[in-house]
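Visitor: My questions concern the predicted model and sequence given below.
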Amino acid sequence: MNLPNKLTLVRLCLTPVFIAVFLIPVNTPSFAFLGTTVTVKEMIAFIIFAAASITDFFDGYIARRDHLITTFGKFVDPIADKILVNSALILLTLTGKIPGIILLIMIIRDTIVDAVRFLAASNHVVIAASYLGKGKTASQMIGICLLLLNNPIFAMLHIPMATIMIYVATAFSIVSGCDYLYKAKDMIFESI
């Protein structure tokens, strides 16, 4: 198994650890951190999520750089990404840090995009990931990290940057979802 695939599996394995730490019913001490207050549990959850998110960048970068793209990687990488990000979004929605409608938009978008990709693959067509999709993923991960740490730095400035990034990610979700549908419109409507 090559390094990018190992990094993808690490991300997949870190997700249940992140969920367990986030949900563990233990009160931990809190401390000041970059203009906000964070509990030890929140910091640990952030470190795990950030480490898993970093593997997302490196597995793709290394796979492209070293020509190590595999069918396994193409299959498991997007699944690992969605499991990690959607788990975090669900947990943050349950704690009231993200409105439920945002979660619904992002999950519906991912479901539609997955269906479009499946349809394209069944027609032997590859729809490459767009910069809009990459923007969605990056803004989601930044927003989630900021939410996990209670909006550090920006809290001192009274700027809700964590919330802003989640709304930016939502806008990217909508636009990139429409972009995928537009690119696949001929396949979707060919038999009408």
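Guide: In hand now; what should we look at?

Visitor: Could you pull up the residues touching the spatially most central residue of the chain?
Guide: Centroid check for the chain by Cα atoms, centre = their mean gives residue 85 as the closest residue, at 3.4 Å. Shown in contact with residue 85 (Cβ atoms under 8 Å, 6 or more residues apart in numbering): 137, 140, 141, 144. Every C-beta, even on glycine, is put in place using the N, C-alpha and C of the backbone.

Visitor: how near is the closest residue to the second one other than its chain neighbours to residue 32?
Guide: Ranked by Cβ to Cβ, 6 or more residues apart in numbering and with sequence neighbours excluded, the top spatial neighbour of residue 140 is residue 169, at 4.2 Å. Using Cβ to Cβ, to the nearest Å, we find residue 169 at a distance of 28 Å from residue 32.

Visitor: out of these two, which sits in the busier spot?
Guide: Each of residue 169 and residue 32 had its neighbours counted (other Cβ atoms under 10 Å), and the higher figure belongs to residue 169 (25 against 8).

Visitor: hang on, the more buried one packs against residue 143?
Guide: Yes. In this structure, residue 169 sits in contact with residue 143. The criterion is Cβ atoms under 8 Å, and the distance is 5.5 Å.

Visitor: neighbours of the residue nearest to residue 188 when sequence neighbours are not counted, just the number please.
Guide: Nearest non-adjacent residue to residue 188, counting by Cβ to Cβ, 6+ apart: residue 119, 6.8 Å away. A count of neighbours around residue 119, defined by other Cβ under 10 Å, yields 14.

Visitor: In whatever helix or strand residue 119 lives in, which residues are buried?
Guide: Mapping residue 119 onto the secondary structure by DSSP states H and E places it in helix 100-122. By 16 or more other Cβ atoms under 10 Å, the buried positions in helix 100-122 come out as 102, 103, 105, 106, 109, 110, 113, 116, 117, 120.

Visitor: Stretch 86-97 too?
Guide: Counting neighbours by 16+ other Cβ under 10 Å, one finds that the buried residues in stretch 86-97 are 86, 87, 88, 89, 91, 92, 93, 97.

Visitor: In contact with residue 79, which residues?
Guide: If a contact means Cβ under 8 Å, 6+ apart, then residue 79 has residue 12 as its contacts.

Visitor: ah, wrong one, I meant residue 77
Guide: With contact set as Cβ under 8 Å, 6+ apart, residue 77 has these partners: 4, 8, 56, 59, 60.

Visitor: Can you show me the helices along this structure?
Guide: Under the criterion DSSP state H, the chain contains helices at 3-23, 40-65, 71-94, 100-122, 131-148, 161-183, 185-188.

Visitor: Now tabulate the ones you listed in CSV and tack on distance to residue 154.
Guide: Formatted as CSV, those follow (distance: least, Cβ to Cβ, whole Å):
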stretch, distance to residue 154
helix 3-23, 22
helix 40-65, 15
helix 71-94, 17
helix 100-122, 19
helix 131-148, 7
helix 161-183, 4
helix 185-188, 40
